[in-house]
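A.B. asks: heads up, no residue letters with this:
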Ligand code: SAM
């Protein structure tokens with residue numbers, strides 16, 4: 001254990017695992033945040049040595065989340081659940097949607113205690129947004145949670161977000177069961193936003209090595225092929241432009257990162273409507 005991890009900062013929540021790197025804290029580091037530890041930074045640097053686009057992929061993923069949130073709130077949705085929401089950074093879902101409609105309700109969910117502690121600190125006394133420490137692999141812990149019940153009315157359409165999350169559920173049957181349970185809980189008129197890390201556009205040996213290295217994480221990852229990601233949307237209607245690489249999903253303009261090389265994002269993303 002390093003000097004830094006021994007000297008636990010006062011914002012450190014109790015259940016945090018400091019002996020293993022966490023996706024949430026690595027992602028925070030890649031986006032320029034400060035809520036990460038040396039073990040996270042060292043792991044991120046090892047990943048980046050293998051895959052130099054790593055920081056770029058985090059940035060374009062976050063930009064997609066913001067564009068998708070703006071789109072969904074513009075459809076009249078005013079209640080949101082953000083699964084695998086991560087450590088708060090610029091352009092959090094509640095900032096985007098409450099910026100459009102101040103009455104929007106948001107429930108953040110993450111398995112990483114640092115993410116939830118900081119979400120709670122950021123939300124402060126925001127009465128319309130809250131964060132839950134939970135494992136999405138147990139959907140009922142989230143759907144039946146008193147916070148969810150207080151903020152989300154399941155008789156009205158909901159915006160469900162699972163961005164950069166599904167690859168963290170390594171077992172494909174479990175991933176389909178989990179997303180299926182959340183989809184079933186959504187009433188007609190709801191929107192589902194998913195983004196998943198893929199092997200389809202990167203050299204296979206690099207991505208296989210990357211997936212192998214990810215075993216050290218508190219939540220290891222397994223990338224998915226396009227067909228598998230498409231199945232997560234079954235029964236829903238993908239809105240234009242369909243399932244695409246994140247920079248190609250309704251870009252703001254040609255100045256967007258990776259506008260001309262969207263495949264370098266190594267993600268498949270989509271937004272779909274429940275009929
Ligand atoms: N959704 C945000 C975004 O796209 O900007 C953050 C993505 S971050 C790469 C993935 C998040 O999923 C991490 O914060 C991680 O802790 C969380 N996560 C991974 N497995 C999870 C699980 N089983 N339950 C809840 N959260 C999980």
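C.D. replies: Ah, there it is. Just so you know, these numbers come straight off a predicted model, no measurement behind them.
A.B. asks: Pull up the residues of the stretch 151-275 of the chain that are close to the ligand.
C.D. replies: Within reach of the ligand by C-beta under 6 Å from any ligand atom, the stretch 151-275 of the chain has these residues: 163-165, 168, 219. Using the backbone N, CA and C atoms, a C-beta is placed for each residue, glycine as well.
A.B. asks: switch the cut-off to 8 Å
C.D. replies: Contacts of the stretch 151-275 of the chain with the ligand, taken as C-beta under 8 Å from any ligand atom, map to 161-165, 168-169, 195, 218-219.
A.B. asks: does any part of the helix or strand harbouring residue 27 sit near the ligand?
C.D. replies: Residue 27 belongs to helix 23-30 when elements are defined using DSSP states H and E. Yes. Helix 23-30 lies within reach of the ligand by C-beta under 8 Å from any ligand atom, at 23-24, 26-27.
A.B. asks: can you list the residues that contact that helix?
C.D. replies: Identification of contacts with helix 23-30 by C-beta atoms under 8 Å, 6 or more residues apart in numbering yields 34-37, 40-41, 43-44, 47, 54-55, 58-59, 86-87, 89, 110-112, 114-115, 164, 168, 217-219, 221.
A.B. asks: Of those, which belong to strands?
C.D. replies: In this view, the contacts of helix 23-30 that belong to strands under DSSP state E are residue 110.
A.B. asks: of the contacts of helix 23-30, buried ones?
C.D. replies: 35-37, 40-41, 43-44, 47, 54, 58-59, 86-87, 89, 110-112, 114-115, 164, 168, 217-219, 221 (16 or more other C-beta atoms under 10 Å).
A.B. asks: Can you flag which of the residues you listed belong to helices?
C.D. replies: Applying DSSP state H to the buried ones among the contacts of helix 23-30, the entries found in helices are 40-41, 43-44, 47, 54, 58-59, 114-115.
A.B. asks: Please list which of those also come close to the ligand.
C.D. replies: Restricting those to those touching the ligand (C-beta under 8 Å from any ligand atom) yields 58, 115.
A.B. asks: Residue 243: what's its closest spatial neighbour, skipping adjacent residues?
C.D. replies: residue 270 (4.2 Å; C-beta to C-beta, 6 or more residues apart in numbering).
A.B. asks: How about the secondary structure of the one you found?
C.D. replies: strand (DSSP: H, G, I helix; E, B strand; the rest coil).
A.B. asks: Show me the beta-bridge partners of it.
C.D. replies: With DSSP bridges as the criterion, residue 270 is bridged to residue 194.
A.B. asks: Next, the contact list for residue 222, please.
C.D. replies: 167, 170, 211, 214.
A.B. asks: swap the cut-off to 7 Å and go again
C.D. replies: Going by C-beta atoms under 7 Å, 6 or more residues apart in numbering, residue 222 touches 167, 170, 211.
A.B. asks: What's the local residue count around the nearest residue to the first one once chain neighbours are set aside?
C.D. replies: On the basis of C-beta to C-beta, 6+ apart, the spatially nearest residue to residue 167 that is not a chain neighbour turns out to be residue 197, at 4.3 Å. Residues within reach of residue 197, counting by other C-beta atoms under 10 Å, total 25.
A.B. asks: Phi first, then psi, for the closest residue to residue 261 other than its chain neighbours.
C.D. replies: Spatially, and ignoring its direct neighbours in sequence, residue 261 is nearest to residue 247 (7.8 Å; C-beta to C-beta, 6+ apart). Note on residue 247: backbone dihedrals following degrees, to the nearest 10 are phi -70, psi -20.
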